[in-house]
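Trainee: Structure, please.
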Amino acid sequence: MTIQRTISSSEIKKWKRYNGKWVPKVIVGDVRKIIPKLPNNFIDCVITSPPYWMQRDYGHPDQIGREPTPEAYVKEIVHVFELLKPKLKKTATIFLNVGYKYWKEEMILIPEMIAIEMQKHGYMLKNKIIWHKPNAMPTPARNRLNNVYEPVLLFVKREAKEFYYFNLEEVAEKPKTILDYHRLLSLKPEDYLGARVIDSLRYREKMKGIVVGVRYSDSKVYEILVKWNNNTLDWIPLGEPLEKYPEHVNFNCPYCKHVMGYWDILLSIANNNRVICPHCGKLLGTNQNNFPEPILTNNYAKIKEVKEIIVEDVEVKKYITKTPKSSKYLIVGQVFSSSPAGRLAISGEYIVIKRRWKIPQPLIAEYLRFWRIRRRVPIKKLDLILGYRDTAGHWFRKDFGEWGKGGSLPRPADWLKLKKILGFNDTYDRVMTEIIGELQTVKPHEEGKNPGDVWSIKLEQFPGAHFAIFPRNLVEKALKLGCPPNGVVLDPFAGSGTVGEVAMKLGRKAILIELISKYVELIKRRCGVVELIKL
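Mentor: Numbers count the residues shown, from 1 in each chain. Next up is the predicted model:
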């Protein structure tokens, strides 16, 4: 099915749905003439594979790929991304697949030539991903090895530095040994008694203590009683051994109740400098009642019977779980490694106090700014009242120059003091003050293993396409990594429309630009429905 219409550049932001999926927009024409008509600060991600140099002749006067020299080809490709730069959001990512070319018996490093020129034009190269092709075409050459990989260059805008959308959790490889660790980390309530506890979060001075009591139900420990080095006692919630803390927090829009995630908040502030609901488009944080509302769980709501063990004269333990007891480092008696297992053998296991909730720091900065301005309290006065020097200012910063390194969150104790000074409401009290104990031991990364920069993905064919198409698995991996849900992905050299097909599957909005009009039929077949537009 094809929806065909002529629209203005502002209307391109309006998207149609078909069977619950975003309908890809297809624009036929020269990418260099179409890109200037797109809105600024609009594109979340670019995934594309332009025509390779001297690979095919498409018989079109405006085609890219038939330039007389590699340098001229590189210049055209980089020019496309020069035009794209203002159209990209600050947090955008680019996945650019370009292959090598042999010319006069010599391998031409076209991907590297492009990367160097892109760096000169305001882009930062974050990765050269190696796309290994297990089913690569054989070569008749007998004087060199067959080329069985192509680079996929990952760029971000230089001004973004480290802040851009990159959701590694979406593609992380889940640990295969998770069942083994469940066995090793299955503890009885009394196993925690004597465990060391460190709290560097709540107060300015580091607190040290030991576990002298536990509260549990059905052998699951929910709280530990800590005796601190100042002889005070403190009941603290205990996290699951294989869970990650702080936990992500979702938020409700106070107007439409749309659920916003951690990334929704960060991306909105990074790209718009304010929090805007991605669903209803309302500006949030303009008064005390319209800040995003955190959605928090209560782990104790369903506990029926709580038992308690308290032993105040317990001995201090260096190891708690079964993990280190068979460590080779303990067996040999010496440690020559900086690996987690090696460090564990030296330092032992202990419980560290962490924030319970992972909340976007710029959102808290926006909230504190609102209340500080409302109460007319200078930042220097806050430092004076709280006994700091040049610390309070960091709580009001939401700069993204280097992943928010200029901003910081107040300690839980400081938050309660700020509440008395500024008189703010209870919206973020729980997320800012709730803590949890996390066992520090050797275990798989909770979010999975970083998959690395070598991707082994087979080439694909598509009926009607007389060329190897962009593999769906490759596009899916890049899309999950670099484009937020409901974000806009652009393929300026659409070909058969793989990016559009995968975007529909994953809930992203695709814009496909293609010079050769006959490929529109291939795109329609792949996507099922497209919106063919003219700008």
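
Trainee: Quick one: mean pLDDT for the helix or strand harbouring Tyr367?
Mentor: Taking DSSP states H and E as the criterion, Tyr367 maps to helix 361-375. Averaging pLDDT along helix 361-375 yields 97.

Trainee: who touches the helix or strand immediately after that helix in the chain?
Mentor: Sequence-wise, the next helix or strand downstream of helix 361-375 (DSSP H and E) is helix 379-386. Contact with helix 379-386 is made by Arg372, Tyr388, Arg389, Asp390, Thr391, Ala392, Gly393, Phe396, Asp414, Lys417, Leu418, Ile421, as judged by CB atoms under 8 Å, 6 or more residues apart in numbering. Placement of C-beta: from N, CA and C, glycine included.

Trainee: orientation of whichever helix or strand comes after helix 379-386 relative to helix 379-386 in degrees?
Mentor: Following helix 379-386 in sequence order, the next helix or strand is helix 412-422 (DSSP H and E). With axes from the mean of the first three to the mean of the last three CA atoms, to 10 degrees applied, the angle from helix 412-422 to helix 379-386 works out at 120 degrees.

Trainee: Pull out the buried residues from helix 412-422.
Mentor: For helix 412-422, burial by neighbour count (16 or more other CB atoms under 10 Å) applies to Pro412, Asp414, Trp415, Leu418, Lys419, Leu422.

Trainee: Isn't the last one up against Phe370?
Mentor: No. Contact criterion CB atoms under 8 Å: Leu422 and Phe370 do not qualify, at 9.4 Å.

Trainee: Could you list the low-confidence segments of this protein?
Mentor: Low-confidence segments of the chain, defined by pLDDT under 70: 162, 176-185, 299-301, 323-345, 400-405, 444, 446, 464-468.

Trainee: per-domain residue ranges of it.
Mentor: 2-170+451-534, 178-244+298-355, 250-295+357-433 (automatic domain parsing).

Trainee: Nearest to Val442, out of the ones you listed?
Mentor: Among those, domain 178-244+298-355 comes nearest to Val442, with 4.9 Å by CB to CB.

Trainee: Tell me if I'm right that Ile421 and Val377 touch.
Mentor: Yes. Here Ile421 lies in contact with Val377, judged by CB under 8 Å, at a distance of 6.5 Å.

Trainee: So what's the residue count around the closest residue to Arg397 other than its chain neighbours?
Mentor: With CB to CB, 6 or more residues apart in numbering as the criterion, Arg397 has its nearest non-adjacent residue at 4.0 Å, and that residue is Gly407. Counted with other CB atoms under 10 Å, the neighbours of Gly407 add up to 18.

Trainee: do the same with the one 3 residues further on
Mentor: Counted by other CB under 10 Å, the residues lying close to Pro410 total 21.

Trainee: And Glu305, by the same measure?
Mentor: 7.

Trainee: I'd assumed it was in a helix, is it?
Mentor: No. Counting by DSSP: H, G, I helix; E, B strand; the rest coil, Glu305 falls outside a helix, being coil.

Trainee: just checking, it touches Ser219?
Mentor: No. Using CB under 8 Å, Glu305 makes no contact with Ser219, being 11.9 Å away.

Trainee: re earlier: the helix holding Tyr367 versus helix 379-386: what angle between them?
Mentor: Between helix 361-375 and helix 379-386, the angle comes out at 90 degrees (the same axes, to 10 degrees).

Trainee: Let me see the ranges of the helices in the stretch 101-250 of the chain.
Mentor: In the stretch 101-250 of the chain, the helices defined using DSSP state H, counting those that start in this stretch lie at 110-120, 178-184.

Trainee: So which residue is dead centre in this protein?
Mentor: Nearest to the mean C-alpha position of the chain, by CA atoms, centre = their mean, lies Asn167 at 2.5 Å.

Trainee: Now do the contacts for that one.
Mentor: Neighbouring residues of Asn167 by CB under 8 Å, 6+ apart: Trp263, Lys480, Leu481, Gly482, Pro484.

Trainee: Quick one: which of these is the most crowded by neighbours?
Mentor: Within the contacts of Asn167, Gly482 tops the neighbour count with 25 neighbours, counted by other CB under 10 Å.

Trainee: What distance do you get for that one to Lys13?
Mentor: According to CB to CB, to the nearest Å, Gly482 and Lys13 sit 20 Å apart.

Trainee: export the buried residues of helix 412-422 to CSV and tack on distance to Val26?
Mentor: Putting the buried residues of helix 412-422 into CSV (distance: CB to CB, whole Å) gives the following:
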residue, distance to Val26
Pro412, 52
Asp414, 54
Trp415, 51
Leu418, 52
Lys419, 53
Leu422, 52
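
Trainee: Please report how far Asn486 lies from Met504.
Mentor: Separation of Asn486 from Met504 (CB to CB) stands at 12 Å.

Trainee: same thing with Arg472?
Mentor: From Arg472 over to Met504 the distance is 11 Å, taken as CB to CB.

Trainee: and if you look at Leu145?
Mentor: Going from Leu145 to Met504 by CB to CB gives 39 Å.

Trainee: Settle it for me: which of these two has more neighbours?
Mentor: Taking neighbours as other CB under 10 Å, Leu145 and Met504 compare with Met504 leading, 24 against 7.

Trainee: ok, Val109 - how many residues close by?
Mentor: Wrong residue type there; residue 109 is Leu, not Val. Using other CB under 10 Å: Leu109 sits among 14 other residues.

Trainee: mind listing what it touches?
Mentor: Leu109 sits next to Tyr100 when contact means CB under 8 Å, 6+ apart.

Trainee: Would you quantify the distance from it to Asn135?
Mentor: Distance from Leu109 to Asn135, by CB to CB: 24 Å.

Trainee: Also Arg144?
Mentor: Distance of Arg144 to Asn135, given as CB to CB: 20 Å.

Trainee: Check Phe251 too.
Mentor: As judged by CB to CB, Phe251 and Asn135 stand 45 Å apart.

Trainee: Looking at the two, which is more packed in?
Mentor: Neighbours per residue, other CB under 10 Å: of Phe251 and Asn135, the larger number sits with Phe251, 24 against 10.

Trainee: pretty sure that one is in a strand, no?
Mentor: Yes. Assessed by three-state DSSP, Phe251 belongs to a strand.

Trainee: Look at the spatially closest residue to it that is not a sequence neighbour and say how many residues are nearby.
Mentor: Closest residue in space to Phe251, ignoring its immediate chain neighbours: Pro292 at 3.7 Å, by CB to CB, 6+ apart. Using other CB under 10 Å, Pro292 has 27 other residues around it.

Trainee: Correct me if wrong: Pro292 contacts Asn250.
Mentor: No. Using CB under 8 Å as the test, Pro292 is too far from Asn250 to be in contact (9.2 Å).

Trainee: so what sits against both of the two?
Mentor: Met260.

Trainee: re the thing from before, the contacts of helix 379-386 into CSV, with extra columns for distance to Arg525?
Mentor: Listed next are these as CSV, based on distance: CB to CB, whole Å:
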residue, distance to Arg525
Arg372, 58
Tyr388, 64
Arg389, 66
Asp390, 62
Thr391, 60
Ala392, 60
Gly393, 58
Phe396, 54
Asp414, 60
Lys417, 63
Leu418, 59
Ile421, 64
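
Trainee: Relative to Arg355, which of these is nearest.
Mentor: Closest approach between the contacts of helix 379-386 and Arg355, by CB to CB: Asp414, at 12.9 Å.

Trainee: and the closest residue in space to the closest one that isn't next to it in sequence, how far is that from Trp395?
Mentor: Nearest non-adjacent residue to Asp414, counting by CB to CB, 6+ apart: Leu386, 6.4 Å away. As for Leu386, its distance to Trp395 is 10 Å (criterion: CB to CB).

Trainee: Could you list the alpha-carbon positions for the one helix or strand Ile436 maps to in PDB?
Mentor: According to DSSP H and E, Ile436 maps onto strand 435-440. The C-alpha atoms that make up strand 435-440 are tabulated as PDB, following Å, rounded to 0.1, in the frame of the first residue of the first chain:
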ATOM      1  CA  ILE A 435      19.300   3.800  49.600                       C
ATOM      2  CA  ILE A 436      20.100   0.100  49.200                       C
ATOM      3  CA  GLY A 437      22.900  -2.200  50.100                       C
ATOM      4  CA  GLU A 438      24.700  -4.000  47.300                       C
ATOM      5  CA  LEU A 439      27.000  -7.000  47.700                       C
ATOM      6  CA  GLN A 440      30.400  -6.400  46.100                       C
END
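
Trainee: Thanks again, I'm all set now.
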